[in-house]
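# Here you go, sequence then predicted model.
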Amino acid sequence: MGTYTLKSIGKNTDYMTVVREMDDGYVVKIVRDRDGYDDVTTDYISKALFDTCLRTGYITKVQEPVEASA
């Protein structure tokens with residue numbers, strides 16, 4: 001499913017990565033920058049809440065870099 005940025009207060013950039021998809025939701029790893037160190041948590045989010053967060057802009061998918069071929 002990919003990696004997403006979370007809307008944060010200030011200049012912090014927090015990320016959420018989908019680890020596993022389940023029937024009714026996702027297991028996600030959330031990495032938050034806390035004064036120079038990473039606070040990593042693993043949690044569950046329902047598909048309905050995930051879709052709502054995506055639709056409202058609370059989470060935004062990180063675009064994968066395109067590799068140039070020579």
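Looks like it arrived, so ask away. Numbering: from 1, shown residues only.
# Which helix or strand contains the residue nearest in space to the middle of the chain?
Centroid-nearest residue in the chain: residue 16, 2.2 Å away (criterion: C-alpha atoms, centre = their mean). Element membership for residue 16, per DSSP states H and E: strand 14-21.
# now the helices for this protein?
For the chain, the helices defined by DSSP state H cover 47-56.
# okay, the angle between the strand holding residue 16 and helix 47-56?
140 degrees (axes from the mean of the first three to the mean of the last three C-alpha atoms, to 10 degrees).
# for strand 14-21, packing partners?
strand 3-6, strand 25-34 (3 or more C-beta pairs under 8 Å, 6 or more residues apart in numbering; DSSP states H and E). Heads up, the C-betas are built off the backbone N, CA and C, glycines and all.
# hang on, the earlier thing: so what pairs up with the residue nearest to the centre of the chain in the strands?
Residue 16 has these beta-bridge partners by DSSP bridges: residue 4, residue 30.
# is it true that it touches residue 7?
No. Applying C-beta atoms under 8 Å as the test, residue 16 and residue 7 come out as separate, 10.9 Å apart.
# Which residues are in contact with each of the two?
Contact with both residue 16 and residue 7 is made by residues residue 59, according to C-beta atoms under 8 Å, 6 or more residues apart in numbering.
# which regions of the chain lie under the pLDDT threshold?
Within the chain, the stretches with pLDDT under 70 are 64-70.
# measure the nearest residue to residue 18 once chain neighbours are set aside to residue 37 for me?
Nearest residue to residue 18, sequence neighbours excluded (C-beta to C-beta, 6 or more residues apart in numbering): residue 1, at 3.6 Å. Per C-beta to C-beta, to the nearest Å, residue 1 is found 26 Å from residue 37.
# now do residue 3
Residue 3 is 20 Å from residue 37, by C-beta to C-beta.
# who has more neighbours, these two?
Neighbours per residue, other C-beta atoms under 10 Å: of residue 3 and residue 37, the larger number sits with residue 3, 16 against 8.
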